[in-house]
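Novice: quick one, structure for this:
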Amino acid sequence: MSTGGTAERHLFVRNRNFRALMVSSTFGVLGNAVAAVALPVIAAVELDASNFEVAALAGMTFLPWLLCGLLIGVWVDRLPRKPVMLASLAVRVVVLALLPVGYWFGFLSTPLLFAAAFIAGVAGVFFQLADAALVQQAVTPDELMEGNGLITGSGAAADAAGRSAGGWLSGTVGASNTLIVQVTTSVIALVAIQRLDVKEIVRPRSDHRIVREMWEGLRYTFSTAPLRALLLNAALWNLGGNISASLLVLLVLRTLGESELWLGLLLAASSIGGAVGGVTANSLGERFGSGPLWRWSMVPGVFGYASLLILSPGAGMLWGLLGMFVMGASVSWNIVVGTSFRQRVCPPDMMGRLGAASRTVSWGMLALASLLAGILAETVGIREAVLIGVLIACTAPLVALLGPLRGVKRLEDLVEAPAAAAQVQVTKNT
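Specialist: Sure, this is the predicted structure:
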């Protein structure tokens, strides 16, 4: 653990454990970004899947959060996190390597594509819950905003590079072959995690039933007004925003008739915006307050997604680049503030269950949004479905601006209330 948030050296330089986590996270995001472009292109181009299948595929990596996120959260709290992360990365390498092999030897199919995406999603649940718990233990509470901002910013930059490369590579060497990049970056992330040297806080083995522990995590997630407001805001945004995002492949490749390169550039623009948002979140939070930053963060994001409604071939695609950039920055500000608050408030032995419960709700919406996007694309049309997604996303900033946190200047000042609630809960459970 580092010595404090006021050290002169940069957090990345002075804290080797944070450095390992940031390297792992960055390369993991780079590979996932390549796969995020390649997988739907495999479905749309190489397998000629239906509109519903292309849109629904985006939800396969998030469906595990809805089906087993709470259960995995209990396991993550019971186990050392480093081995969990190593195992999940190894599974992801093996599963995604099957897709280019299937392409080369002629057994690649839509069911295999969906199965690989789902299993990689399960591995991702383990990895991300363990990673969030280790970040909390690798830095001090005062370094959380800085650390999360750096990880979010570097991840967004890697996401931009990965999506740009994924779009270009999918059009030149084929989408299936592009997945080799994802396999390589996962190996690099695995090596970085191996270098971690954190004295982990692992909850003592409990005689409690797993169902009871899952309920404890879910109850804690809804235990206070700040946690409920953060969760509802994220859930509504993910539901509406991912309806639009899931249809981007169909909008660009089929409705507008543009190439995979434009698809990659649009996705990269959101990631570049995310990088800017990540590295500026800490300074903006200090200047304006984390409360106002969180409340207003999603307002420009709605206009960003709305830019997809005015896309047209050629120069008309530039509106999308600007809009997706703005949307990416908005999401990063929201994520950094919300994640830092949860990590401040949550006891280390509850972190896996809190992360699982909150993401089961908010990221579960991503899976539902993709399925809904596929249904809407088949029934009302692609552009009309994007409009519906934008209208739903509008409700997210309304929750923030009109909800219980509307007058709070600094979310950090609310830490004591959730912490006290957690202590009462622990007392009751014992």
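Novice: now the helix or strand hosting Gly149: buried residues?
Specialist: Using DSSP states H and E, Gly149 falls within helix 144-172. Neighbour-count burial for helix 144-172 flags 144-171 (criterion: 16 or more other C-beta atoms under 10 Å). Glycine gets a C-beta too; all of them are placed from N, C-alpha and C.
Novice: likewise stretch 105-124?
Specialist: Buried positions in stretch 105-124, judged by neighbour count with 16+ other C-beta under 10 Å: 108, 110, 113-114, 116-124.
Novice: show the average pLDDT along that stretch.
Specialist: Here stretch 105-124 scores 93 as its mean pLDDT.
Novice: same thing with stretch 339-347?
Specialist: 82.
Novice: which helices and strands sit right next to the helix holding Gly149?
Specialist: Counting contacts by 3 or more C-beta pairs under 8 Å, 6 or more residues apart in numbering; DSSP states H and E, helix 144-172 is packed against helix 11-14, helix 16-41, helix 110-138, helix 175-194, helix 260-288, helix 318-345.
Novice: ok, now with 7 Å
Specialist: Secondary-structure packing of helix 144-172 (3 or more C-beta pairs under 7 Å, 6 or more residues apart in numbering; DSSP states H and E): helix 11-14, helix 16-41, helix 175-194, helix 260-288, helix 318-345.
Novice: switch the ones you listed over to JSON lines; also include distance to Glu384.
Specialist: Formatted as JSON lines, the helices and strands packed on helix 144-172 follow (distance: least, C-beta to C-beta, whole Å):
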{"stretch": "helix 11-14", "distance to Glu384": "45"}
{"stretch": "helix 16-41", "distance to Glu384": "20"}
{"stretch": "helix 175-194", "distance to Glu384": "27"}
{"stretch": "helix 260-288", "distance to Glu384": "19"}
{"stretch": "helix 318-345", "distance to Glu384": "17"}
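Novice: can you classify the residue nearest to Ala133 when sequence neighbours are not counted by secondary structure?
Specialist: Distances taken as C-beta to C-beta, 6 or more residues apart in numbering place Met351 nearest to Ala133, at 4.2 Å, with adjacent residues excluded. Under DSSP: H, G, I helix; E, B strand; the rest coil, Met351 falls in the helix class.
Novice: nearest to Asn15 among the buried residues of stretch 105-124?
Specialist: Closest to Asn15 out of the buried residues of stretch 105-124 is Gly124 (24.8 Å), distances taken as C-beta to C-beta.
Novice: Leu47 reaches Thr110, doesn't it?
Specialist: Yes - here Leu47 reaches Thr110: they are 5.3 Å apart, a contact under C-beta atoms under 7 Å.
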